[in-house]
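> Just to be clear, the model below is a prediction. Sequence and coordinates:
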Amino acid sequence: MKWQAHNIGFFNSNGVKIMAGKMVERTCKCGCGVKFMARVADVKRGWGKYASKSCKAKAQEKRTGQYTNYLRGIDDRNNRDDKEFSVSHGIGGQSGSSLQGW
Ligand SMILES: [Zn+2]
């Protein structure tokens with residue numbers, strides 16, 4: 001793996017591997033108020049909305065607009081792919097490309 005300045009962040013300034021890209025603090029959208037860290041790249045894809053799988057489930061139960069989101073293509077892949085929740089809260093340090101999709 002190449003050293004890549006600071007823009008991607010495979011290593012922090014101490015040379016420690018972080019491999020998670022830039023992280024941003026998010027507040028869970030389900031209303032529970034839980035804060036968690038999501039990858040900026042995921043947030044840009046419309047992910048990183050919920051602190052956990054149960055939060056997402058809660059939010060979707062409350063919500064009737066699921067189909068609307070489907071039409072917008074926002075939550076569709078999250079709805080279908082519960083593997084996205086295999087990383088528990090926050091900074092998993094995982095480098096897999098499909099992790100942390102919530
Ligand atoms: Zn929540």
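Received it, and whenever you're ready, just let me know what you need.
> from here on, contacts and neighbour counts on C-alpha atoms
OK.
> tell me which element Cys55 is part of?
Remark: Cys55 resides in helix 53-62, with elements defined by DSSP states H and E.
> Any residue of that helix touching the ion?
Yes - on the criterion CA under 5 Å from the ion, helix 53-62 is in touch with the ion at Cys55.
> Near the ion, which residues of the chain are found?
So the chain meets the ion at Cys28, Cys30, Cys32, Cys55 (CA under 5 Å from the ion).
> Which residue, neighbours along the chain excluded, lies closest to the last one?
On the basis of CA to CA, 6 or more residues apart in numbering, the spatially nearest residue to Cys55 that is not a chain neighbour turns out to be Cys30, at 5.7 Å.
> Same question for the first one.
Across the structure, with CA to CA, 6+ apart as the measure, the residue nearest Cys28 apart from its sequence neighbours is Tyr50 (4.5 Å).
> and the one you found, which of the three is it?
coil (DSSP: H, G, I helix; E, B strand; the rest coil).
> Can you select the buried ones from the residues of the chain next to the ion in ChimeraX?
Restricted to buried positions by 16 or more other CA atoms under 10 Å, the ChimeraX selection for these reads:
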select :28,30,55
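> Redo the residues of the chain next to the ion as JSON lines? Include pLDDT and secondary structure.
Putting the residues of the chain next to the ion into JSON lines (pLDDT from 0 to 100; DSSP: H, G, I helix; E, B strand; the rest coil) gives the following:
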{"residue": "Cys28", "pLDDT": "96", "secondary structure": "coil"}
{"residue": "Cys30", "pLDDT": "92", "secondary structure": "coil"}
{"residue": "Cys32", "pLDDT": "95", "secondary structure": "coil"}
{"residue": "Cys55", "pLDDT": "93", "secondary structure": "helix"}
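> Paired strands for the helix or strand encompassing Val24, with orientation please.
Val24 is part of strand 23-27, with elements assigned from DSSP H and E. The pairing partners recorded for strand 23-27 under DSSP bridges are strand 35-39 (antiparallel).
> Quick check: mean pLDDT of the strand it pairs with?
For strand 35-39, mean pLDDT rounds to 93.
> For the helix or strand containing Asp42, list every residue counted as buried.
Secondary structure assignment for Asp42, by DSSP H and E: helix 40-44. Residues Val40, Ala41, Asp42, Val43 are the ones in helix 40-44 that count as buried (16+ other CA under 10 Å).
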